[in-house]
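Chemist: Starting from these lines, generate the structure:
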Amino acid sequence: MAVVLAVRAFGEQPVRYVVGGFTAPFGIELVIDGLSATMAVLVAVVALGVLGYARVAGPRSNRFYATYLLLVAGLSGMSITGDVFNMYVFLEITGLAAYALVASGESGRSARAALKYLLVGTVGASLFLLGIGFAYVSTGTLNMADLSTQLAAVGYTSPLVQASFGLLVVGLFVKIALFPVHTWQPSAYAGAPDSVSALISALVSTIAAYALIRIVFTVFTVEFLFTNGFAQTALVAGATVSIVLGSVLAVTQREIKRMLAYSSVSQFGLVVGAIAVANGTALTGAVIHLVGHAIMKGGLFLTSGLVANVAGARTIDEYQGIAKRFPKESTAFGVLALAMVGVPPTIGFVGKWYIALGAVEARSWPLLVVILASTLLTLAYFARIIERMFFHEPDDVSASGGTTTAATAVTDGEGIDAESPLVSSGMRATVLLAAVLAVVLGVAAFEYGQLLEPTIERQSHRSE
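Modeler: Reported below is the predicted structural model:
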């Protein structure tokens, strides 16, 4: 259904639906253009893939499936709403479902991580709601398109308008997990069950970043950024700090899931940097990078969970020589890791290419240097894992922490036995499909960028 809707949305005009027959700006409007349709399809595809993985990997209770569907509903709603308060409602639905999913693990670590996520996430949502309140006081409307017109009429230098922008952006920074308001993310990703880690890492921060794009470009427009230079400077500063320190923190980690979590802090810094550049090329790169990050990071979490399930390996040291025991799974991890670095022809390369090109067009040289350096920083923490996996001899199976069942499921060079109770064909297929998609989407990304041009031009045309 999401794909069918996307085909309609990639036309000259967006698909619009007025909920309950109450016309905008008084009622709630759903708006599906190329950008929102992309996010809706992404949510559907990733959620389906994680579901195929979770059927054996778990959790498998009815409570898990109900909460999982609630999260998908919240993310889908954020993707297509044309009303800022409705976006807040879906943001809260997404947050509450994510807190519950993180807590669904059986250990106390999961409960602590969920509590921290709840406390920090509530602060972010509250700031976002205050920003909406300031915008409503200024304009008397909540519809995004109408807000865009009314905010311009009030004036971009109005203290209320400036305060609204600041609160909305900082609230979403918390949800995106940008440094230094990222503190909930490493604990949540590392403490949650593997399926949940993949789902929230692939989608929750991604859709929050999409919401930031909507707030900056659809509601406030690029003219607000050009009128208020401090706002653009703040976005660039936040992006730069997150890219650099997120990568530095990732390098210092020994646990795979925590390393991947800090990697997300850095990667979303790239997206915020593209938003700060505020031109069509960089915005195209931001959207492509969001899609790519969801596929690549979700796949990496699922692969690390699969390896942990059969070999007990959850740290970098325990990955030593693992490619000789699990060649297919290790290859998938390697492909996804190289895609995160930005090696062509993967989608990770295309997203970074557009963002860097947008920085060149905007003559934002310091940001360009940071964007290029981010590739080396990403390589720094992924190369050491790949080197251990493929160029070291494996430790004794019993020393790796794997169970007897895991050991008997492995034969020399043949990978995981399809009959192993620890892994299903659905788990393996999901992991391998993520690796294939990282390459296939990279090949198709330039064509997708051209397809997205009408939507991007409507968002960023004021900058020209």
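
Chemist: got any ranges where the stretch 351-464 of the chain has weak pLDDT?
Modeler: Across the stretch 351-464 of the chain, the ranges flagged by pLDDT under 70 are 395-424, 459-464.

Chemist: Please, where are all the helices along it?
Modeler: 365-391, 404-408, 425-451, 453-460 (DSSP state H, counting those that start in this stretch).

Chemist: Specify the stretch among these that is closest to Ala40.
Modeler: With C-beta to C-beta as the measure, helix 453-460 is the member of the helices of the stretch 351-464 of the chain nearest Ala40 (13.4 Å). Where you see a C-beta, it was placed from the backbone N, CA and C, and this is true even at glycine.

Chemist: related to what we said a few turns ago, I'd like to know which of the helices of the stretch 351-464 of the chain is closest to Ala339.
Modeler: Using C-beta to C-beta, the helices of the stretch 351-464 of the chain put helix 425-451 closest to Ala339, at 4.1 Å.

Chemist: Domains in the chain, by residue range?
Modeler: 1-227, 276-395+426-453 (the TED database).

Chemist: I'd like the ones you listed as JSON lines, with distance to Ser264 and mean neighbour count appended.
Modeler: Listed next are the domains of the chain as JSON lines, based on distance: least, C-beta to C-beta, whole Å; neighbours: other C-beta atoms under 10 Å:
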{"stretch": "domain 1-227", "distance to Ser264": "6", "mean neighbour count": "20"}
{"stretch": "domain 276-395+426-453", "distance to Ser264": "6", "mean neighbour count": "22"}
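
Chemist: Of the ones you listed, which is nearest Ala250?
Modeler: domain 276-395+426-453 (4.5 Å).

Chemist: how long is the closest one end to end?
Modeler: Its first and final residues considered, domain 276-395+426-453 spans 19 Å by C-alpha to C-alpha, to the nearest Å.

Chemist: Please state the offset of it from the chain centre?
Modeler: 12 Å (C-alpha atoms, centre = their mean, to the nearest Å).

Chemist: pLDDT value on Ala2, please?
Modeler: Predicted confidence (pLDDT) at Ala2: the value is 90.

Chemist: Can you tell me how far it is from Leu48?
Modeler: Using C-beta to C-beta, to the nearest Å, we find Ala2 at a distance of 10 Å from Leu48.

Chemist: Likewise for Ser266?
Modeler: Ser266 is 28 Å from Leu48, by C-beta to C-beta.

Chemist: cool, and Ser330?
Modeler: From Ser330 to Leu48 the distance is 25 Å (C-beta to C-beta).

Chemist: residue contacts, Pro366?
Modeler: Val236, Thr240 (C-beta atoms under 8 Å, 6 or more residues apart in numbering).

Chemist: what sits against the spatially closest residue to Ala47 that is not a sequence neighbour?
Modeler: Once flanking residues are discounted, Ala47 sits nearest to Val72: 4.8 Å by C-beta to C-beta, 6 or more residues apart in numbering. By C-beta under 8 Å, 6+ apart, the residues touching Val72 are Val43, Ala44, Ala47.

Chemist: Likewise for Gly238?
Modeler: Contacts of Gly238 by C-beta under 8 Å, 6+ apart are Phe173, Leu178, Phe179, Gly269, Val272.

Chemist: One more: Ile200?
Modeler: Leu71, Ala98, Leu101, Val102, Ala188, Tyr189, Ala192.

Chemist: Is the last one in contact with Val102, as I believe?
Modeler: Yes - with contacts defined as C-beta atoms under 8 Å, Ala192 counts as touching Val102 at a distance of 4.4 Å.

Chemist: Can you work out which residues contact both of these two?
Modeler: With C-beta under 8 Å, 6+ apart as the test, Ala192 and Val102 both reach Ser110, Ala113, Ala114, Ile200.

Chemist: Just the element for the first one, please.
Modeler: Mapping Ser110 onto the secondary structure by DSSP states H and E places it in helix 108-139.

Chemist: for the record, mean pLDDT for that helix?
Modeler: 91.

Chemist: For Ala261, find the nearest of the domains of the chain.
Modeler: domain 1-227 (3.9 Å).

Chemist: first vs last residue of the closest one, how far apart are they?
Modeler: End-to-end distance (C-alpha to C-alpha), domain 1-227: 41 Å.

Chemist: cool, stretch 16-26 as well?
Modeler: End to end - C-alpha to C-alpha - stretch 16-26 spans 15 Å.

Chemist: can you pull the contacts of Ala125?
Modeler: Per C-beta under 8 Å, 6+ apart, neighbours of Ala125: Tyr88, Leu91, Glu92, Gly95, Gly171, Lys175.

Chemist: Give me the distance between it and Val341.
Modeler: 33 Å.

Chemist: Format the contacts of Gly238 as TSV; extra columns: distance to Ile295, secondary structure and pLDDT.
Modeler: Output for the contacts of Gly238, formatted as TSV (distance: C-beta to C-beta, whole Å; DSSP: H, G, I helix; E, B strand; the rest coil; pLDDT from 0 to 100):
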residue	distance to Ile295	secondary structure	pLDDT
Phe173	23	helix	93
Leu178	21	coil	90
Phe179	23	coil	86
Gly269	19	helix	91
Val272	20	helix	92
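
Chemist: Can you name every helix or strand that the one helix or strand Gly348 maps to contacts?
Modeler: Per DSSP H and E: Gly348 is located in helix 347-361. For helix 347-361, the elements it packs on are helix 256-277, helix 280-311, helix 327-341, helix 365-391, helix 425-451, judged by 3 or more C-beta pairs under 8 Å, 6 or more residues apart in numbering; DSSP states H and E.

Chemist: Only C-alpha atoms, please: export that helix in PDB.
Modeler: What follows is helix 347-361, C-alpha atoms only, in PDB (Å, rounded to 0.1, in the frame of the first residue of the first chain):
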ATOM      1  CA  ILE A 347      24.200   4.100  -1.100                       C
ATOM      2  CA  GLY A 348      26.400   5.400   1.700                       C
ATOM      3  CA  PHE A 349      28.700   6.900  -1.000                       C
ATOM      4  CA  VAL A 350      25.800   8.600  -2.900                       C
ATOM      5  CA  GLY A 351      24.400  10.300   0.100                       C
ATOM      6  CA  LYS A 352      27.700  11.700   1.200                       C
ATOM      7  CA  TRP A 353      28.500  12.700  -2.400                       C
ATOM      8  CA  TYR A 354      25.400  14.900  -2.600                       C
ATOM      9  CA  ILE A 355      25.900  16.400   0.800                       C
ATOM     10  CA  ALA A 356      29.500  17.300   0.000                       C
ATOM     11  CA  LEU A 357      28.500  18.700  -3.400                       C
ATOM     12  CA  GLY A 358      25.900  20.800  -1.700                       C
ATOM     13  CA  ALA A 359      28.500  22.200   0.700                       C
ATOM     14  CA  VAL A 360      30.700  23.100  -2.300                       C
ATOM     15  CA  GLU A 361      27.800  24.900  -3.900                       C
END
